[in-house]
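*Asks:* structure for the following, please:
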Amino acid sequence: MPSDAVGNGALVPFSGDPPALYPLHHGLAPPISRLAISWSRGNSLRLSLFAGAGAKVVEVKLDGEDPEISDAHRRRIAYGSVAPFALLQSRRSSLSALSRSPSPYHSDWWEHVLQYSKEIASLLGGPKLSPTPIIKDPNTIVKTGEEPTSLKAAWELMEIFYVDKESQAWLPERLVDWLADYDCLFTSTLETIHSKLVDFQKELVNIQVIEEDPKYWELLSSALSVGWLDIVVKMLRLHGSYQLDQLSNRELENGLVEAVAIFISKMPRLCPESAAAKVGECFESKPDFIKAWEKWRSQVTKLDCSPFWIQCDNQRTREGLRNLLQIMLGNTESLSLATCNWIELYISHFLFIRPFTIGIESMHNLAQKCIQLKPPSSTHRLAGLMIGILGESTEVVLAECSREFGPWLAAHAIELFTAGSEQAEILLHDDRYNLGGISIVELHRLVYAQVLSSHALTWQIAPIYLTSCMKQGMGLLENLLYRQSVQPNDVLLKNIEICRLYELDHISSNIIKIAGVHHWKHGRKGAGVFWLQQAQDASRLDRIAQQLFDSVGKSISHESFKQWEGMIELLGSESKPAGGLDFLYKYRDFKKSLQQVSGRKSADAARQAVGSLILLMKNSSTPQRFWLPLLYDSLKLLNWQDCPLLSVSETNLLLNKLQELSLAKLRPHHTEPSLPPDALSSIRLALATNLGRAILDE
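*Replies:* From the prediction side, this is the model:
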């Protein structure tokens, strides 16, 4: 709500920048009668719109994610950064445990952080240049391809200033390389040398006399001012005086062009041996570099004062080359005219005015001066990050990372800030009252973990970051695990595996119980029993067994038996089901034995069925209300014609069970089984007959 609405019915006063507006394409005819808003997956809102007889659900994706990076690439970065992050945390814990000093770091800690930084940077990608052609085009000045991402540019910038301690001696050269790789990214908000070179390269085919084009000399000065020496030398060799038919007529002009090209190609540079492929002479030692620089500068000055310039007839060539010399001699006005924005001007100062700069001494003041000389119309996010770094304010840099690049960078870049800096370590790891008693480090990790948790494809890696948060991480991890669906099974198994990795046995047990109850309530009886057995939930298994007793029916031929027989098979012969499930398992065996009794010749099957009946009647887990149905279903066995199948003692056992049933009828809440009216008398007669025959046989 705009600030001028305060006092005019505004519920929450708003001040500052106007709120962002998001387009909404719903296709419904106005008016909209009702609108419902809820959070969707990730950083999106789900809007349900109702208009007359129509309705539509629309998702609006809010800003906050880098538009240069696709969702798939962002997920690859998220997954790829887990292993380096976890390894660095493990090394931090090991070094902290071994260290006896107050600081948790050893002197070589920055090397571990640098290795971590290189692994992360490899995930962020880079410029995908077009393949090199077999025949090189002489008019190709810059290679064009897919632009790199601002995320990688930000990461490398922080690595240069915070992590790579060895590169502090040649920091200006690192900045030159960084600008060469990422100057194209500033085109969206600032004018850049890179964009001018790309545009000029497109026009190059139509230019007949290149040295007569003012853009040619302008771009030569611009490329030289930021140290792109290879481009400058190549463009100088496009000069018309190099053409074979022109050499004899333009010998002096060609000599001056070649002399400037040689000076540029021999320019001393303070950089490591690994940069030997650069145009220019590389020196690792600062004394050697200073000596070579002074010698080179005196030679450039000597050429600038040479009388040959008076003899040069081509005015544009003469003025263009002398302007290049002025840039090499560090003329402030020439550098300011040659560069397009304050960042390019800033880096040109280190190349030609302050070439002996080591570290970040006075860098911030120089940046402010360059901003005053070339004030930007709008601030690019990389420019804001650079100002924060040069200002040596860790909190500002972290805020820029979070605001401009999102929670991923804020959570991972913190490790760069503390590489060898005890002050940054204290600032970021100390608990703060205004943050609820947690540190800045934990806050940003929790925020990033929350982002991961909100997406179905990334919630699995959120525990890595939550477990690194000592104060609130474990509580939020429990909430995350409980919030996951128990379907499909791969999600459930992943959830259980995470619990095992972090020794959260009580949570794992509860999740398995929830899965068992969920499957049971949704009709997946076998899966429900399986998961409840895994959780060893005896009470719920007993209640399920009670429900199964009700579904078994009162007759062995009841059709409902088929519904639970497979579940009993699932229990297995070696399992020990809890509670009444033991009865169902034995009842299954008894039913199979009865089914095998098909005639008088199946005496062995009948004896086996009688054995199962006796086991059921002796077993304490057999519910009393099943005694009479069991005996009624066994009438065929009790009236076996060939011989009595039950012994005297077994028959007496069954008669005693009938006596107990007679006494049970006197108790309240007794339920009579649904059997024929003559069922009890038939059972008594069969048992009496079997008892008489058994006595005679014995």
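*Asks:* go ahead and flag the most central residue of the protein.
*Replies:* Ala78 (2.7 Å; CA atoms, centre = their mean).
*Asks:* quick check: phi and psi on that residue?
*Replies:* The phi and psi values for Ala78, taken as degrees, to the nearest 10, are phi -60, psi -50.
*Asks:* which one is it nearest to, not counting chain neighbours?
*Replies:* With sequence-adjacent residues excluded and distances taken as CB to CB, 6 or more residues apart in numbering, Ala78 is closest to Thr458, at 5.5 Å. C-betas here are computed from N, CA, C, even on glycine.
*Asks:* from what I see, that neighbour and Ile77 are in contact.
*Replies:* No. Applying CB atoms under 8 Å, one finds Thr458 not in contact with Ile77, separated by 10.6 Å.
*Asks:* does the residue nearest to the centre of the chain touch Leu452 like I think?
*Replies:* Yes. Assessed by CB under 8 Å, Ala78 is found in contact with Leu452 at 6.7 Å.
*Asks:* what residues are shared contacts of these two?
*Replies:* Overlap of the contact sets of Ala78 and Leu452 (by CB atoms under 8 Å, 6 or more residues apart in numbering) consists of Thr458, Ile461.
*Asks:* what's the spacing between the nearest residue to Tyr79 once chain neighbours are set aside and Ala609?
*Replies:* The shortest distance from Tyr79 to any non-neighbouring residue, by CB to CB, 6+ apart, is to Ile461 (6.3 Å). Distance, Ile461 to Ala609, using CB to CB, to the nearest Å: 58 Å.
*Asks:* which of the two has more neighbours?
*Replies:* Ala609 (25 against 19; other CB atoms under 10 Å).
*Asks:* now the more buried one. Its backbone dihedrals?
*Replies:* Taking degrees, to the nearest 10, you get phi -70, psi -40 for the backbone angles of Ala609.
*Asks:* skipping its backbone neighbours, what lies nearest it in space?
*Replies:* Nearest non-adjacent residue to Ala609 (CB to CB, 6+ apart): Ser593, at 3.6 Å.
*Asks:* where does the one you found land on pLDDT?
*Replies:* The model reports Ser593 with a pLDDT of 78.
*Asks:* correct me if wrong: it contacts Ser612.
*Replies:* Yes. Contact criterion CB under 8 Å: Ser593 and Ser612 qualify, at 4.9 Å.
*Asks:* start to end distance for stretch 158-172?
*Replies:* Stretch 158-172 has its terminal residues 14 Å apart, counting by CA to CA, to the nearest Å.
*Asks:* may I see the buried residues of it?
*Replies:* The neighbour-count check on stretch 158-172 (16 or more other CB atoms under 10 Å) flags Met158, Glu159, Ile160, Phe161, Tyr162, Val163, Asp164, Ser167, Ala169, Trp170, Leu171, Pro172 as buried.
*Asks:* same question for stretch 221-240.
*Replies:* Buried positions in stretch 221-240, judged by neighbour count with 16+ other CB under 10 Å: 221-236, 238-240.
*Asks:* so which of those residues sit within helices?
*Replies:* 221-225, 229-236 (DSSP state H).
*Asks:* let me have those residues in TSV, extended by pLDDT and distance to Leu501.
*Replies:* Listed next are those as TSV, based on pLDDT from 0 to 100; distance: CB to CB, whole Å:
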residue	pLDDT	distance to Leu501
Ser221	92	60
Ser222	91	55
Ala223	91	54
Leu224	92	56
Ser225	91	55
Leu229	89	53
Asp230	88	51
Ile231	89	52
Val232	90	56
Val233	90	57
Lys234	88	56
Met235	88	58
Leu236	89	61
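*Asks:* using TSV, lay out the residues you listed together with distance to Asn652.
*Replies:* Shown next, in TSV, are those (distance: CB to CB, whole Å):
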residue	distance to Asn652
Ser221	117
Ser222	112
Ala223	111
Leu224	115
Ser225	113
Leu229	111
Asp230	108
Ile231	109
Val232	114
Val233	114
Lys234	112
Met235	115
Leu236	119
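*Asks:* tell me the one of those nearest Leu653?
*Replies:* Asp230 (102.7 Å; CB to CB).
*Asks:* was I right about that closest one contacting Met267?
*Replies:* No. Assessed by CB under 8 Å, Asp230 is found out of contact with Met267, at 11.4 Å.
*Asks:* residues shared between the contacts of these two?
*Replies:* Joint contacts of Asp230 and Met267 (CB under 8 Å, 6+ apart) are Val279.
*Asks:* quick one: low-confidence ranges for the stretch 201-350 of the chain?
*Replies:* Along the stretch 201-350 of the chain, segments meeting pLDDT under 70 span 247-248, 273-277.
*Asks:* what are the ranges of the strands in it?
*Replies:* Here the stretch 201-350 of the chain has its strands, by DSSP state E, counting those that start in this stretch, at 268-270, 281-283.
*Asks:* which other helices and strands contact the first one?
*Replies:* Contacts defined by 3 or more CB pairs under 8 Å, 6 or more residues apart in numbering; DSSP states H and E place strand 268-270 against helix 171-182, strand 281-283, helix 286-304.
*Asks:* just say which of these is most tucked in.
*Replies:* Mean neighbours per residue, mean count of other CB atoms under 10 Å, is largest over the helices and strands packed on strand 268-270 for helix 171-182, with a mean of 20.
*Asks:* which other helices and strands contact that helix?
*Replies:* helix 150-158, strand 268-270, helix 342-352.
*Asks:* what do you get if the cut-off is 10 Å, keeping everything else the same?
*Replies:* helix 150-158, helix 193-203, helix 229-236, strand 268-270, helix 342-352, helix 363-373, helix 381-390 (3 or more CB pairs under 10 Å, 6 or more residues apart in numbering; DSSP states H and E).
*Asks:* distance to Arg693 added to the ones you listed, as CSV?
*Replies:* Formatted as CSV, those follow (distance: least, CB to CB, whole Å):
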stretch, distance to Arg693
helix 150-158, 92
helix 193-203, 108
helix 229-236, 113
strand 268-270, 114
helix 342-352, 109
helix 363-373, 111
helix 381-390, 99
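*Asks:* closest to Cys469 out of the ones you listed?
*Replies:* Across the helices and strands packed on helix 171-182, Cys469 has its closest neighbour in helix 150-158 (22.2 Å, CB to CB).
*Asks:* just how off-centre is that closest one within its chain?
*Replies:* Using CA atoms, centre = their mean, to the nearest Å, the distance from the centre of helix 150-158 to the centre of the chain it belongs to is 18 Å.
*Asks:* what comes up buried for the strand or helix carrying Leu613?
*Replies:* Assigned by DSSP states H and E, Leu613 belongs to helix 603-618. For helix 603-618, burial by neighbour count (16+ other CB under 10 Å) applies to Ala605, Ala606, Arg607, Gln608, Ala609, Val610, Ser612, Leu613, Ile614, Leu616, Met617.
*Asks:* what sits against Ile438?
*Replies:* Asp431, Arg432, Arg445, Leu446, Cys469, Met470, Lys471, Gln472, Gly473 (CB atoms under 10 Å, 6 or more residues apart in numbering).
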